[in-house]
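Q: need a structure here:
(one chain, ligands or ions: 1)
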Amino acid sequence: MEDDGILLNLSTTPKAVKSIVVKKGNNRGVQKTHRVKAIVPQTVISEPTEVPSTKEEDEAAATAASGLAPGTKVLHGRAQIASSLFSSNPVIPTTYRKKTTNTREGASNAPTDSSTFTGIGIGSDLANHLVEKFNVTTPTNVQAKAIPVLLGPASSFFKEDVDVVIQAETGSGKTLTYLLPIVNRLVSASTAPKNAISQHEQPFGDRMVGTVAIILAPTRELAQQVLGVLNTLVNLPRPKDENIRRLHWIVPGIVIGGDSKAKEKARLRKGVNVLVSTPGRLLDHLENTKSFDISNLKWLILDEADRLLDLGFEETLKKIMNIIDERTKQGGSLKYKQLMNSKFWPKKRQTVLCSATLRDDVKELAGWSLEKPAFVSGTDSKRDASKFLKTDSFKDEQEEEMKFTTPNQLKQSYTIVPAKLRLITLLALLRSCFYDKRQKKNMDSKVIVFFSCCDSVDFHYDLFGNAGKPVMDEDSDDEDDDPEDETKVMKKALDKIIGKEEATKFKRQLNGNNKNFKSNRSNDVALEGRDNSKKSKKVIEEASQVSTLLLEKPVFRLHGDLNQQIRSQTFAEFSKTKSGVLFCTDVAARGLDLPNVDRIIQYDVPTDLKDYVHRVGRTARLGKAGEALLFLLPSEMDYLDILKAQDLFPESVTMETILKNIAEYQDDFQTPAQDLQNTMENYILSNENHIMMARKAFWSTCRAYATHPAAEKHIFHVKRLHLGHLAKSFALREAPSNIHEKTKGKKRKEAKNERMPGMKKFEGKEKLTGPKKNINNPLKRNFDHAGEFAIASAASMSDGPTTKKKKKNNVKK
Ligand SMILES: Nc1ncnc2c1ncn2[C@@H]1O[C@H](COP(=O)(O)OP(=O)(O)OP(=O)(O)O)[C@@H](O)[C@H]1O
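A: Presented below is the predicted three-dimensional model:
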């Protein structure tokens, strides 16, 4: 009996274990299909009861015509070969790197117990407000060091306000580090004794002063997060002291794109005093919004500076700095000059650069954007700010080699997994996060999985959100038979929004109940690719789907190619959820404060080492425990040396240990692993859109792989990937060589479109994005500007190592 194209039910009952046939050598042949069927006999298969459709007959005829073995499924013109998970895999090196443990002890980013906020210069009202609103009582190391410097000469040993570089571990409270001094100074300026008589003692409270502080953040999510903290901070209750008067005038605001420019302009015209922004939109307003008044600007904060650079904002930053310098040179009007003459206001603009990592490009940025900066490190006491009183002190610091630091209490590990087994190992790992095998009970956990590209995020979100769910009977397509009113309404809405024909296509894939309808609805829109029309985008409302594969836990996704509404919603909902998985690209790695994340999984190795630190930094925040696991292919083991050079020493976890989590009978994980893999493959094969999505994810992942820097090419080279095995990790049964066969003899462009269905619509998109480097390197040219944004929009792709020529090269090597 044919197993492809039939949905397998997930079996949860223990089964009799059959020994697994593992054939050595290349057994990727057609006959393999039968062997695989033999090793998963206990899978519950729903027998087809109907007479085969015309389509099935056509496919059978195509199989016969192609000369393939009888029983081989031909789907969409391609032979679908189910290969075994546990055969033909490369040997996993058993000699793991000698374990070298981190010698630092205790939580390194936890609040200190030796100082208080009032002790470092924060006003008592604001300090109390911190306790009430944020449950924050004592400063962290970096806060204790940096806040006095930023509070100005009155609180620090500096004679004047200085520019500052702040470097501290992820999750050490950098946002409050720069926001608290600004808010404290503004609040102090607006507070005065009620009986104050003289002019210079009067509290400041004029919104029309314009923008006095700008905070630049690399991503919209981060900007929104900063705004959230800022809004809470400025919302101080009335002063406890009845003899004190405080004026409420500080208006925080945000310009990040995604909202109408007209609305943003209107807000700026009314006066936004502390502005949070992303660079592109800020520059736009600086250049085009006449009413945007920055003549009294006193603070400029560059948050997540390394990320700003990675996203290609260097030129934008230069333009912003030039405009700011130009407009603030003269200072504001005489009226404000006088009003702002108190000790609370910096005498000149203060620029602050924050970064968890401080590499050469960040130092360069500090070199041209900051003036004689002080340097504050949250991790190394020897680099104290006092050292930077000297003018060339920052230059001295540049000579020092900086290593990455991660929180002490973060448990870091890695696992070596052959390409074929990646998907099932990920599934097993995620299941283990939600099910305690020993205690035999479900548990809550919050997990983030990092991928290298948007397409891969979409694919996994769809797969984990929908595979394993029962499929709706074709007959139930009839709306009148549907007992649930809500479902009917949704279906009708779908008809209206995307047209009857498309909607019918979608509905065929819908499950028979409301819950599944909802999850599939958002998913099916995702299947249409991210280039959806505005109309169909309206359909995306769900920020999560319930995953049957993951024990009914919600799965979320976040990447830079989703529309802003869904990004914000996902961020908010994943922040709130107690349990679930977030699939994301590095858009979620930097700066985002997603509370109580227990585990980070780096499914794809980051192409930039800095991202390793930022990704793992989403857990183990503020002294809490956290775990991070890195997936490596057997050919990628040398990456451990790169980590080691940065004093990062993850410990080994074997793949078997992870896979045992899905063993239903003693330690036999191979049978359930094969069952689950089949379930996922059958889900993909059940629909052309699913296959397209898997292929796109596969190719985008290959392209992202090609963007590892030259220094890592000996480890990460596309030529070293076994594409057939990698395809298996996208639940695909087609070998890439098939793709090549199909395209042989066709014109290059035609062939490319065929290999990359759905890619055509992205063509030309790169013209719209940022500056290009490496234009002669087709693999790299789309990745130079904007991280995952570029990966998603990559229009051109090399033939990949599936062409004969490249295959030859492969063999030679
Ligand atoms: N002193 C403190 N005590 C307790 N919690 C704090 C303290 N300071 C900040 N926090 C909380 O810690 C969390 C992390 O803060 P924040 O996002 O600013 O860290 P970060 O250093 O910017 O991290 P990353 O580098 O990952 O962006 C926030 O929820 C914040 O409210």
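Q: contacts, neighbours, all on C-alpha from now
A: Fine.
Q: Write out the residues of the chain neighbouring the ligand.
A: Within the chain, the positions near the ligand by CA under 6 Å from any ligand atom are 111, 134, 136-140, 169-176, 356, 590-593, 617-618, 622.
Q: Please produce a ChimeraX select command covering the buried subset of these.
A: Remark: buried members of these, expressed as a ChimeraX selection using 16 or more other CA atoms under 10 Å:
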select :111,137,138,139,140,169,170,171,172,173,174,175,176,356,590,591,592,593,617,618,622
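Q: Sort out which of the residues of the chain next to the ligand are in helices and list them.
A: Among those, the ones falling in helices (DSSP state H) are 134, 174-176.
Q: Next, give me the two most distant ones among those residues.
A: Maximum pairwise distance in those, criterion CA to CA, is 14.3 Å, between F134 and K174.
Q: Dump the ones in helices among the residues of the chain next to the ligand into TSV; add pLDDT as well.
A: Shown next, in TSV, are these (pLDDT from 0 to 100):
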residue	pLDDT
F134	91
K174	91
T175	94
L176	96
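Q: Looking at those, which is nearest G119?
A: Nearest to G119 among these is L176, at 15.8 Å by CA to CA.
Q: Which residues lie in contact with the closest one in this structure?
A: Counting by CA atoms under 8 Å, 6 or more residues apart in numbering, L176 makes contact with 143, 229.
Q: Against L216, how distant is it?
A: 15 Å (CA to CA, to the nearest Å).
Q: for T118, same thing?
A: Taking CA to CA, one finds T118 at 27 Å from L216.
Q: Strands along the stretch 201-350 of the chain, start to end?
A: 213-216, 244-246, 252-255, 274-277, 299-302, 350-355 (DSSP state E, counting those that start in this stretch).
Q: and those as JSON lines, adding mean pLDDT and mean neighbour count?
A: Below are those laid out as JSON lines (pLDDT from 0 to 100; neighbours: other CA atoms under 10 Å):
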{"stretch": "strand 213-216", "mean pLDDT": "98", "mean neighbour count": "24"}
{"stretch": "strand 244-246", "mean pLDDT": "83", "mean neighbour count": "18"}
{"stretch": "strand 252-255", "mean pLDDT": "95", "mean neighbour count": "23"}
{"stretch": "strand 274-277", "mean pLDDT": "97", "mean neighbour count": "26"}
{"stretch": "strand 299-302", "mean pLDDT": "96", "mean neighbour count": "22"}
{"stretch": "strand 350-355", "mean pLDDT": "94", "mean neighbour count": "24"}
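Q: who wins for proximity to A266 among those?
A: When the strands of the stretch 201-350 of the chain are compared by CA to CA, strand 252-255 sits nearest A266, at 11.2 Å.
Q: can I have that closest one written out in PDB, keeping just the CAs?
A: Presented in PDB, the C-alpha positions along strand 252-255 are these (Å, rounded to 0.1, in the frame of the first residue of the first chain):
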ATOM      1  CA  PRO A 252       7.100  60.400  24.900                       C
ATOM      2  CA  GLY A 253       6.500  59.400  21.300                       C
ATOM      3  CA  ILE A 254       7.600  57.000  18.600                       C
ATOM      4  CA  VAL A 255       8.200  57.200  14.900                       C
END
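Q: Could you tell me which strands it is paired with, and in which direction each runs?
A: Paired strands of strand 252-255, with direction, are strand 274-277 (parallel) (DSSP bridges).
Q: neighbouring contacts of the strand it pairs with?
A: 211-217, 220, 223-224, 226-227, 250-256.
Q: again, only using 10 Å
A: Here strand 274-277 makes contact (CA atoms under 10 Å, 6 or more residues apart in numbering) with 182-183, 210-220, 222-227, 230-231, 250-257, 268, 282-283, 297, 299-301.
Q: At which residues are the strands of the stretch 501-650 of the chain located?
A: Using DSSP E, counting those that start in this stretch, the strands of the stretch 501-650 of the chain run over 544-547, 553-558, 580-584, 599-602, 626-632.
Q: Restricting to C-alpha, output the last one in CSV.
A: C-alpha atoms of strand 626-632 as CSV (Å, rounded to 0.1, in the frame of the first residue of the first chain):
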residue,chain,number,x,y,z
GLY,A,626,18.3,29.7,31.3
GLU,A,627,19.4,27.2,28.7
ALA,A,628,20.7,27.5,25.2
LEU,A,629,21.3,24.7,22.7
LEU,A,630,23.1,25.0,19.4
PHE,A,631,22.4,22.6,16.5
LEU,A,632,25.5,21.7,14.5
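Q: list the helices and strands it packs on?
A: strand 410-416, helix 422-434, strand 446-450, strand 599-602, helix 609-616, strand 651-652 (3 or more CA pairs under 10 Å, 6 or more residues apart in numbering; DSSP states H and E).
Q: Now that strand: average pLDDT?
A: Regarding strand 626-632, the rounded mean pLDDT is 96.
Q: That strand: partners in the sheet, and parallel or antiparallel?
A: As defined by DSSP bridges, the strand partners of strand 626-632 come to strand 410-416 (parallel), strand 599-602 (parallel).
Q: For E264, find the nearest of those.
A: strand 599-602 (36.0 Å).
Q: what does the closest one rub up against?
A: Residues from elsewhere that reach strand 599-602 (CA under 10 Å, 6+ apart): 410-414, 426, 429-430, 433, 445-452, 581-583, 585, 612, 615-620, 625-632.
Q: and with 8 Å instead?
A: Under the criterion CA under 8 Å, 6+ apart, residues 445-451, 615-616, 618-619, 626-631 lie in contact with strand 599-602.
Q: where along the stretch 51-200 of the chain do the strands fall?
A: Taking DSSP E, counting those that start in this stretch as the test, the strands found in the stretch 51-200 of the chain are 73-75, 78-80, 164-167, 191-193.
Q: avg pLDDT for the second one?
A: Mean per-residue pLDDT for strand 78-80: 54.
Q: again, but for the longest one
A: Average pLDDT, strand 164-167: 92.
Q: Now do stretch 254-273: everything it contacts.
A: Stretch 254-273 is contacted by residues 207-213, 220, 223-224, 227, 250-253, 275-278, 281-282, 285, 289, 291-292, 564 when judged by CA under 8 Å, 6+ apart.
Q: Swap in 7 Å and give it another go.
A: Residues from elsewhere that reach stretch 254-273, judged by CA atoms under 7 Å, 6 or more residues apart in numbering: 207-208, 210-213, 220, 227, 250-253, 275-278, 281-282, 289, 291-292, 564.
Q: Write the PyMOL selection for whichever of these are buried.
A: To isolate the buried ones among the contacts of stretch 254-273 in PyMOL, judged by 16+ other CA under 10 Å, type:
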select buried, resi 207+210+211+212+213+220+227+250+251+252+253+275+276+277+278+281+282+289+291+292
